[in-house]
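Visitor: Just to be clear, the model below is a prediction. Sequence and coordinates:
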Amino acid sequence: MKNNNKEIAKIFNEISGFLAMDKVPFKPFAYEKAAVVLASLNEDVSQIYQQGGIKALEELPGVGESMAKKIVEYLKTGKIKYYQGLKKMTPINLAEISEVEGLGPKKTKILYEKLGIRNLKELESAAKKGKIAPLFGFGEKTEKNILEGIAFTKRAKGRFLLGEIFPMVREIEERLASLGEVEKISVAGSIRRKKETIGDVDFLVVTKAPEKVMDFFVSLPGVVKVWGKGKTKSSVRLEEGFDVDLRVVPPKSYGAALQYFTGSKEHNIATRKIAIFKNLKLSEYGLFTKGNKIIAGRNEEEVYQALEMDWIPPELRENQGEIEAALKHQLPHLVEQKEIKGDLHCHSDWDGGGNTISEMAEKAVSLGYQYLGISDHTKFLRIENGLGEEELAGQRKEIEKINKRFQDANLDFQLLQGCEANILKDGSFDIKDSALAKLDYVIGGIHSSLKMAQKEMTERMIKAMKNPVLKIISHPSGRILKKRDEYEVDFEKILRAAKEFKVILEINSSPVRLDLNDKKIKIAKERGVKMAINTDAHSREQLELMEFGLYQARRGWAEKKDILNCEGIKDLRKSLK
DNA sequence: GCCGTTTTCGGCCCGACTGTTTTCAGTCG
């Protein structure tokens, strides 16, 4: 269960920060790059090491002799001496402080040297006392930004990203399901509803051997604490910091319990009201008549059916109209994974991504896609090695070459060439429109000047949308979960412009973005604005993140017809024209 | 510290933007 890749990536990121503090040239970038590679790896480094030794580690892009040694040291001892030495010299909780938007290594170091600030708590106290503004290089605004950043970090605390937790939940579910004694199992709660952030995890099982199942549960790998262990309920904490509950329920109540523990609370209250109206009583034990005779409970379908409702997909259970729709048998047919025909936003090694165009394409083929749009950054984002006019032309040739290969192999798959151009402060792009017009499509994204006032930001986006080369707006609200709020923009105006100028809004699948979010997706759908679910993958593994964008789309009531990349290649090409 | 259709050494890490130190360092993507 322990995730070596993430742990080492975290340490490398901190090393990068410590080195940046001392203005060490180039090394910070090298460590950062390696951290990104490690974090996006599918296979655990311990496996790579076991199979291929230190040589195999050095094969990883961005990892050389020195870092490979450090990885081995970590695998063998759980520590990296070099890192501990740096931390000793400057005992700052860098990971914690860097969470605050606007604070980097240099400023953090000054704060430590002048005010002795080592962590978030000390930072907040100093900012509140007004000690930061008078420092050389700081000021009123910086202090205010720091306080706002801390407040934001705090609000998000205690909740985990769906994308962080989901793989672990799947693993636990598989382990439990593999026990012969477990007859039925499901995860419930906000995970089943696919909420973007999760408080804790609930599992329900049906079993004839509860003791054995509970014993197995509390000794799962990764369990660091057992809060309680009983016949019907046990709770544990995993080393990642979140709690998991396991409940054993009788078969005749399984559906009612699943319905109850899936929530949301608001959905349950509304459902119970329907039961009361029908002179029935709904609880986690079942649906009962006034005479306490059980009439449903074995599965969810029969519970909803007995209430004369259609079964409601968990993603919709937020009491946002799904109850009424289920009563009228008018629930939407939510978009499904198998309806996704391709991905229109991913990055190749041309702009610093982890894999070549060929490798990305092969992965897309293995996912069953008909097409993949390569959309590398344009020149402004040089750190990501953004492409200029000539490079785009060169990339075009490369893509045509690869497409030829697929064609010769008689494969029903095509690469498209797009790009992710930057919408600058004035609403223009960072690259000539004439170069953009040569591509199959253009994605526009905001990556700078995020703190503009609402009116200016709205005008900036609409100006970009009016540009006929623009087809898709990437991550339209700009939030980073647990880190940064959305930028200020008049969303209704954006929707009107999207409709008028036929611009597609992206549903970005990255677990830290999920942008548009569920609420905005629902409004966009109601306004008749089309969307595209994209991964924004920077490596081939990240193409698998599509499921998280899909969940968000489903939470926003999106159907196949609302999603651009549910179109087959022919229709898509027409739509992109 | 990594990497090599410029290379085993000498490049790499750019541009927009912000806030603040009135000319530029730090941050972000």
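Guide: Everything's here; your move.

Visitor: Quick one: name whatever helix or strand follows the lengthiest strand in chain A.
Guide: Identified as the longest strand of chain A according to DSSP state E is strand A:414-422. Counting by DSSP states H and E, the next helix or strand C-terminal to strand A:414-422 is helix A:433-436.

Visitor: do that next one and DNA strand B meet?
Guide: No - judged by C-beta under 7 Å from any atom of the strand, helix A:433-436 stays clear of DNA strand B, getting no closer than 14.9 Å. All C-beta spots, glycine's among them, are computed from the backbone N, C-alpha and C.

Visitor: Next, the contact list for the residue lying closest to A:Asp518 once chain neighbours are set aside, please.
Guide: Leaving aside its sequence neighbours, A:Asp518 sits nearest to A:Arg555 (C-beta to C-beta, 6 or more residues apart in numbering; 3.7 Å). By C-beta atoms under 8 Å, 6 or more residues apart in numbering, the contact set of A:Arg555 is A:Arg193, A:Lys194, A:Lys195, A:Glu315, A:Leu316, A:Glu318, A:Asp518, A:Ile521.

Visitor: try 10 Å this time
Guide: Going by C-beta atoms under 10 Å, 6 or more residues apart in numbering, A:Arg555 touches A:193-196, A:313-318, A:320, A:334, A:514, A:517-519, A:521-522.

Visitor: Roughly how far does it sit from A:Glu73?
Guide: In this view, A:Arg555 and A:Glu73 are 43 Å apart by C-beta to C-beta, to the nearest Å.

Visitor: just A:Ser98 next, same as before
Guide: Per C-beta to C-beta, A:Ser98 is found 24 Å from A:Glu73.

Visitor: Show me what counts as buried in stretch A:490-504.
Guide: Residues of stretch A:490-504 classed as buried by neighbour count (16 or more other C-beta atoms under 10 Å): A:Asp490, A:Phe491, A:Ile494, A:Leu495, A:Ala497, A:Ala498, A:Val503, A:Ile504.

Visitor: Secondary structure element for the nearest residue to the first one once chain neighbours are set aside, which one?
Guide: Take A:Asp490 and drop its neighbours on the chain: the residue closest to it by C-beta to C-beta, 6+ apart is A:Thr458, 4.4 Å away. Element membership of A:Thr458, judged by DSSP H and E, is helix A:454-466.

Visitor: Could you list every helix and strand in contact with that helix?
Guide: Judged by 3 or more C-beta pairs under 10 Å, 6 or more residues apart in numbering; DSSP states H and E, the packing partners of helix A:454-466 are strand A:442-445, strand A:470-473, helix A:491-500.

Visitor: what residues does it touch?
Guide: A:421-429, A:442, A:444-446, A:449-453, A:470-471, A:473, A:476, A:478, A:487-494, A:496-498, A:500-503, A:505.

Visitor: Report the buried residues of stretch A:111-121.
Guide: Under the neighbour-count criterion of 16+ other C-beta under 10 Å, stretch A:111-121 has A:Leu111, A:Tyr112, A:Lys114, A:Leu115, A:Ile117, A:Arg118, A:Leu120 buried.

Visitor: Within reach of DNA strand B, which of those are there?
Guide: With the criterion set as C-beta under 7 Å from any atom of the strand, no member of those is near DNA strand B.

Visitor: how about these in TSV, adding secondary structure?
Guide: Formatted as TSV, the buried residues of stretch A:111-121 follow (DSSP: H, G, I helix; E, B strand; the rest coil):
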residue	secondary structure
A:Leu111	helix
A:Tyr112	helix
A:Lys114	helix
A:Leu115	helix
A:Ile117	coil
A:Arg118	coil
A:Leu120	helix
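
Visitor: Farthest pair within the residues you listed?
Guide: Using C-beta to C-beta, the buried residues of stretch A:111-121 reach their maximum pairwise distance at A:Lys114 and A:Leu120, which is 17.3 Å.

Visitor: For the lengthiest helix in chain A, output the C-alpha coordinates as CSV.
Guide: Criterion DSSP state H: the longest helix present in chain A is helix A:389-408. C-alpha atoms of helix A:389-408 as CSV (Å, rounded to 0.1, in the frame of the first residue of the first chain):
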residue,chain,number,x,y,z
GLU,A,389,5.6,28.6,-35.2
GLU,A,390,8.4,26.6,-36.8
GLU,A,391,8.2,23.8,-34.2
LEU,A,392,4.5,23.4,-34.7
ALA,A,393,5.1,23.0,-38.4
GLY,A,394,7.8,20.4,-37.7
GLN,A,395,5.5,18.6,-35.3
ARG,A,396,2.8,18.5,-38.0
LYS,A,397,5.1,16.5,-40.3
GLU,A,398,5.9,14.1,-37.4
ILE,A,399,2.2,13.6,-36.8
GLU,A,400,1.5,13.0,-40.4
LYS,A,401,4.2,10.4,-40.5
ILE,A,402,2.8,8.5,-37.5
ASN,A,403,-0.7,8.8,-39.0
LYS,A,404,0.6,7.2,-42.2
ARG,A,405,1.9,4.3,-40.1
PHE,A,406,-1.5,3.7,-38.6
GLN,A,407,-3.1,4.0,-42.0
ASP,A,408,-0.7,1.4,-43.4
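
Visitor: separation between A:Ile198 and A:Ala524?
Guide: Remark: distance between A:Ile198 and A:Ala524 (C-beta to C-beta) = 25 Å.

Visitor: These two: which is more packed in?
Guide: Per other C-beta atoms under 10 Å, whichever of A:Ile198 and A:Ala524 has more neighbours is A:Ala524, with 25 against 21.

Visitor: Please list all residues in contact with A:Gln305.
Guide: For A:Gln305, the contacting residues are A:Leu287, A:Ala296, A:Asn299, A:Trp311, by C-beta under 10 Å, 6+ apart.

Visitor: coming back round to it: model confidence over the longest strand of chain A, on average?
Guide: What strand A:414-422 shows for mean pLDDT is 93.

Visitor: So what angle separates the directions of that strand and helix A:389-408?
Guide: Per axes from the mean of the first three to the mean of the last three C-alpha atoms, to 10 degrees, the angle that strand A:414-422 makes with helix A:389-408 is 160 degrees.

Visitor: Would you pull up the residue in the stretch 201-350 of chain A closest to DNA strand B?
Guide: A:Asp349 (9.7 Å; C-beta to the nearest atom of the strand).

Visitor: Quick check, that residue in contact with A:Gly62.
Guide: No - with contact defined as C-beta atoms under 10 Å, A:Asp349 does not reach A:Gly62; the gap is 11.5 Å.

Visitor: and stretch A:445-460, how far out from the chain's middle?
Guide: Distance, stretch centre to chain centre, for stretch A:445-460: 23 Å (C-alpha atoms, centre = their mean, to the nearest Å).

Visitor: Can you get me the start-to-end distance on that stretch?
Guide: With C-alpha to C-alpha, to the nearest Å applied, stretch A:445-460 spans 11 Å between its terminal residues.

Visitor: quick one: is that stretch near DNA strand B?
Guide: Yes - using C-beta under 7 Å from any atom of the strand, stretch A:445-460 reaches DNA strand B at A:His447, A:Ser448, A:Ser449, A:Leu450, A:Lys451, A:Met452.

Visitor: give me every residue that touches A:Leu439.
Guide: Neighbours of A:Leu439 in contact, by C-beta under 10 Å, 6+ apart: A:373-375, A:392, A:395-396, A:416-419, A:421, A:469, A:471, A:576.

Visitor: do that again at 7 Å, thanks
Guide: A:Leu392, A:Gln417, A:Gly418, A:Cys419 (C-beta atoms under 7 Å, 6 or more residues apart in numbering).

Visitor: any idea how far it lies from DNA strand B?
Guide: Per C-beta to the nearest atom of the strand, to the nearest Å, A:Leu439 is found 19 Å from DNA strand B.

Visitor: No more questions from me, cheers.
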